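S.K.: turn this into a model:
(one chain, ligands or ions: 1)
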Amino acid sequence: MLQGLIAERRAADSPGDDFIGVLLEAQDGDDRLNDWEVLGIVAAMLAAGSDTASDMHPSLIYALLDNPDQYEKLKQDPSLVDNAIVEALRYEAFGKTGLHRYALEDVEFEGITVKRGEQIIIAGQAAGLDPTQWDNPQEFDITRDLNGNIVFGTGAHVCAGLFLAKSQAKLMLLEFMKRFPNATLQEMPTRDPDHYNARHVTKLLVKTNI
Ligand code: HEM
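M.R.: Alright, predicted model coming up:
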């Protein structure tokens, strides 16, 4: 489908002003993206952005309702919402299950040699619960100083959708608080520990108490 769409856009007078159009027009000197590169970027966006962006919502609601004092604090001061979102994702160990990296040279780490060209898979979510980095990492605190978190990755490959994901989360939480200020958990959530992409909640029952 995407190959057809890319061919259609290339043949048109203008490639359009959406994401695909911008990629087709992107230029660095004489260098432009070929069809496979455009396809790769669009596919990465779809794959990276679909499950994560929907899966985060139950994790955010659960973290807040399981910590009613923090839910109350957020209701009292909604300006804490941005911090509360990242804190909930940290606390919930939410995020990509397995970040892949290849060693550019032989690297010695904690007694293990990773040889040049070898692949390693990093459990990035564990970083948010590392007791050497965070005070009481198992505690959910929406006022926590989250400097140095890698919930959305870091460096050259930092999440391309982080502003979108955070905006969606913010809209959802502010609306949820407005509509269901007295919400409580009905039961603990069930999860799919084998999910390929994110820490996935399969069922979350909430009492709205309205
Ligand atoms: C709560 C939601 C999300 C979380 C926790 C999350 C987390 C991450 C993390 C940790 C990385 C770094 C991967 C690495 O270092 O290899 C990443 C990369 C990426 N994310 Fe997200 N993401 C989320 C939502 C989204 C959304 C909504 C989109 C797109 C609309 C998106 C698109 C991408 C893309 C394209 C990359 C790859 C960037 C690159 O390699 O240059 N993500 N994300």
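
S.K.: can you tell me how far the nearest residue to A26 once chain neighbours are set aside sits from R9?
M.R.: In space, and not counting its chain neighbours, A26 is closest to L33: 5.9 Å by CB to CB, 6 or more residues apart in numbering. Any C-beta I mention is one placed from the backbone N, CA and C, and that applies to glycine too. Distance of L33 to R9, given as CB to CB, to the nearest Å: 12 Å.

S.K.: what residues are shared contacts of the two?
M.R.: Common contacts of L33 and R9, defined by CB atoms under 8 Å, 6 or more residues apart in numbering, comprise L24.

S.K.: related to what we said a few turns ago, now the residue nearest to A26. Its backbone dihedrals?
M.R.: phi -80, psi 140 (degrees, to the nearest 10).

S.K.: hmm, L5 and D35 touching each other?
M.R.: No: applying CB atoms under 8 Å, one finds D35 not in contact with L5, separated by 10.5 Å.

S.K.: and the residue nearest to A26, what does it touch?
M.R.: 23-24, 26, 41.

S.K.: which two among these are spaced furthest apart?
M.R.: Farthest apart among those by CB to CB are L24 and I41. That separation is 10.8 Å.

S.K.: ok, the two, which is more surrounded?
M.R.: Ranked by neighbour count (other CB atoms under 10 Å), L24 and I41 place L24 first, with 19 against 16.
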